[in-house]
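Novice: Build me a structure from this.
(one chain, ligands or ions: 2)
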Amino acid sequence: MIKTVGIIGAGQMGCGIAHVSAAAGYKVQLYDIAADRIEAGLATINGNLARQVSSGKMSDEDRKRALSLIKGSGDINDLAQADLVIEAVTEDETVKRKIYGQVCPVMRPDAILATNTSSLSITRLASATDRPERFMGIHFMNPVPVMKLVELVRGIATEEETFKAAKEFVAHLDKTVTVAEDFPAFIVNRILLPMINEAIYTLYEGVGTVDAIDTAMKLGANHPMGPLQLADFIGLDTCLSIMQVLHDGLADSKYRPCPLLVKYVEAGWLGRKSGRGFYDYRGEVPVPTR
Ligand SMILES: CC(=O)CC(=O)SCCNC(=O)CCNC(=O)[C@H](O)C(C)(C)COP(=O)(O)OP(=O)(O)OC[C@H]1O[C@@H](n2cnc3c(N)ncnc32)[C@H](O)[C@@H]1OP(=O)(O)O
Ligand SMILES: NC(=O)C1=CN([C@@H]2O[C@H](COP(=O)(O)OP(=O)(O)OC[C@H]3O[C@@H](n4cnc5c(N)ncnc54)[C@H](OP(=O)(O)O)[C@@H]3O)[C@@H](O)[C@H]2O)C=CC1
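Specialist: Ligands and ions are numbered 1, 2, ... in the order given. You can find the predicted model right below:
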């Protein structure tokens with residue numbers, strides 16, 4: 001039975017997962033290598049919980065209780081108590097494999113290790129752990145407190161008991177599960193990211209400006225965010241990594257990452273999280289960069 005959830009990576013997804021887990025009553029141990037990340041993450045979680053209080057979705061008492069259940073830590077040994085550890089670090093296989101090498105010796109042998117990866121092979125990531133039977137993908141959507149879906153992905157060795165425990169955990173968070181097979185980028189990103197990449201090609205080829213493309217998809221297809229706004233929201237580094245995984249994994253030129261996306265990432269323009277992407281967020285309102 002899962003009581004304590006360990007989370008690795010206090011970025012946008014790690015904090016979102018910490019938020020919903022604590023709100024559902026789980027004890028949460030939030031680990032990141034950077035102490036300032038943890039501090040900033042806890043402040044973000046508090047802000048998002050407060051939003052839920054002001055919109056009447058949560059009482060202030062529940063906000064305080066949820067916050068008190070989250071402990072931030074820069075010491076990986078603090079994950080020893082966790083029944084389930086969810087890794088939500090950068091979408092980079094080398095970084096994730098390194099983390100598994102560090103966390104597995106710390107974790108209880110019976111504990112489950114899950115990854116929030118957007119695209120990487122669960123089977124291949126499992127091979128970098130000491131517990132492929134108790135390893136799987138639990139893929140949350142951004143922003144975690146709002147999005148109802150969680151994709152569950154088994155690796156070749158994932159045991160049924162692991163899958164069941166993950167399914168129960170997600171149900172307890174009041175989210176809906178879809179099951180995806182272990183193919184590059186699973187279901188949501190297999191469909192969503194080529195659309196975003198195509199929007200970037202549309203910009204690259206001069207078919208429309210950032211504003212024209214986003215307005216077209218918001219008003220013409222009823223998307224809540226335009227594709228370029230969404231790319232900035234996800235993070236352009238993450239978008240590029242997903243396209244590379246699709247391109248390498250499916251060996252089809254239709255998944256070729258747009259050179260403009262590559263250029264933005266090379267410039268360190270990663271979207272909202274770095275202050276600039278297809279929009280510049282450093283002023284009062286976002287301004288298109290093209
Ligand atoms: C890359 C991957 O691996 C997979 C992915 O996640 S792909 C990305 C999937 N996500 C999407 O496609 C998101 C698309 N965008 C949307 O659905 C909407 O724009 C949105 C829900 C983010 C915001 O909706 P909106 O109507 O424009 O804004 P707003 O009215 O301010 O917010 C709606 C609610 O979301 C909350 N919210 C908005 N942004 C938030 C954030 N970043 N974190 C937490 N909560 C947030 C607001 O507090 C509000 O909650 P209440 O109803 O409790 O007040
Ligand atoms: N963004 C999205 O919309 C979604 C992303 N995901 C997936 O979730 C994961 C995280 O993405 P996201 O939260 O957006 O990324 P962020 O860049 O916001 O956060 C990643 C976090 O991981 C930290 N980190 C990096 N290396 C280590 C390490 N060795 N040990 C501990 N922490 C580390 C980073 O710290 P630092 O910045 O200091 O390097 C950062 O705090 C990725 O796998 C991504 O594909 C899944 C669904 C949606």
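Novice: which residues does Gln262 contact?
Specialist: Just so we're on the same page, residue 262 is Val rather than Gln. Leu240 (Cβ atoms under 8 Å, 6 or more residues apart in numbering). Using the backbone N, CA and C atoms, a C-beta is placed for each residue, glycine as well.
Novice: Show me what counts as buried in the helix or strand encompassing it.
Specialist: Element membership of Val262, judged by DSSP states H and E, is helix 259-266. Neighbour counts over helix 259-266 (16 or more other Cβ atoms under 10 Å) mark 260-261, 264-265 as buried.
Novice: Also stretch 180-188?
Specialist: Buried, per 16+ other Cβ under 10 Å, within stretch 180-188: 180, 182, 184-188.
Novice: so does it get close to ligand 1?
Specialist: Yes: counting by Cβ under 6 Å from any ligand atom, ligand 1 has neighbours in stretch 180-188: Val188.
Novice: Give me the contact status of that stretch with ligand 2.
Specialist: No: Stretch 180-188 lies out of reach of ligand 2 by Cβ under 6 Å from any ligand atom, never closer than 8.5 Å.
Novice: which is the next helix or strand following the longest helix along the chain?
Specialist: Taking DSSP state H as the criterion, the chain has its longest helix at helix 35-54. Helices and strands here follow DSSP H and E; after helix 35-54, the next one along the chain is helix 60-69.
Novice: helices or strands up against that following helix?
Specialist: helix 12-23, helix 35-54 (3 or more Cβ pairs under 8 Å, 6 or more residues apart in numbering; DSSP states H and E).
Novice: hey, which of these is tucked in deepest?
Specialist: Ranked by mean neighbour count, these are led by helix 12-23 with a mean of 25 (mean count of other Cβ atoms under 10 Å).
Novice: now the angle between helix 35-54 and that one, please.
Specialist: Relative orientation of helix 12-23 versus helix 35-54 (axes from the mean of the first three to the mean of the last three Cα atoms, to 10 degrees): 50 degrees.
Novice: chain center to helix 12-23: distance?
Specialist: 10 Å (Cα atoms, centre = their mean, to the nearest Å).
Novice: Just the element for Gly101, please.
Specialist: Secondary structure (DSSP H and E) places Gly101 in helix 93-103.
Novice: Let me see the residues that make contact with that helix.
Specialist: By Cβ under 8 Å, 6+ apart, helix 93-103 touches 8, 76, 79, 85, 87, 89-90, 113, 115, 117, 120, 124-125, 128-129.
Novice: let's see it at 7 Å
Specialist: 8, 76, 79, 85, 87, 89, 115, 120, 125, 128-129 (Cβ atoms under 7 Å, 6 or more residues apart in numbering).
Novice: between those, which is nearest Met243?
Specialist: When the contacts of helix 93-103 are ranked by distance to Met243 (Cβ to Cβ), Leu120 comes first, at 12.8 Å.
Novice: per-residue confidence at His236?
Specialist: In this structure residue 236 is Leu, not His. What the model reports as pLDDT for Leu236 is 98.
Novice: Arg272 is in contact with that one, correct?
Specialist: No: if you go by Cβ atoms under 7 Å, Leu236 and Arg272 don't touch, sitting 9.6 Å apart.
Novice: Who has more neighbours out of these two?
Specialist: Leu236 (28 against 18; other Cβ atoms under 10 Å).
Novice: so how far is ligand 2 from the more buried one?
Specialist: 10 Å (Cβ to the nearest ligand atom, to the nearest Å).
Novice: ok, that residue - contacts?
Specialist: 261, 264-265, 269-271, 277.
Novice: do Asp92 as well
Specialist: Neighbours of Asp92 in contact, by Cβ under 7 Å, 6+ apart: Ser241.
Novice: quick one: pLDDT of it?
Specialist: Asp92 is given a pLDDT of 98.
Novice: give me the low-pLDDT residue ranges for the stretch 51-200 of the chain?
Specialist: Within the stretch 51-200 of the chain, no range satisfies pLDDT under 70.
Novice: What residues does it have near ligand 1?
Specialist: Counting by Cβ under 6 Å from any ligand atom, the stretch 51-200 of the chain sits next to ligand 1 at 51-52, 55, 57, 118, 141-143, 145-147, 188-189, 192.
Novice: Can you add distance to Arg134 and give the residues you listed back as JSON lines?
Specialist: Below are these laid out as JSON lines (distance: Cβ to Cβ, whole Å):
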{"residue": "Arg51", "distance to Arg134": "35"}
{"residue": "Gln52", "distance to Arg134": "32"}
{"residue": "Ser55", "distance to Arg134": "38"}
{"residue": "Lys57", "distance to Arg134": "34"}
{"residue": "Ser118", "distance to Arg134": "21"}
{"residue": "Met141", "distance to Arg134": "24"}
{"residue": "Asn142", "distance to Arg134": "26"}
{"residue": "Pro143", "distance to Arg134": "28"}
{"residue": "Pro145", "distance to Arg134": "27"}
{"residue": "Val146", "distance to Arg134": "29"}
{"residue": "Met147", "distance to Arg134": "26"}
{"residue": "Val188", "distance to Arg134": "24"}
{"residue": "Asn189", "distance to Arg134": "24"}
{"residue": "Leu192", "distance to Arg134": "29"}
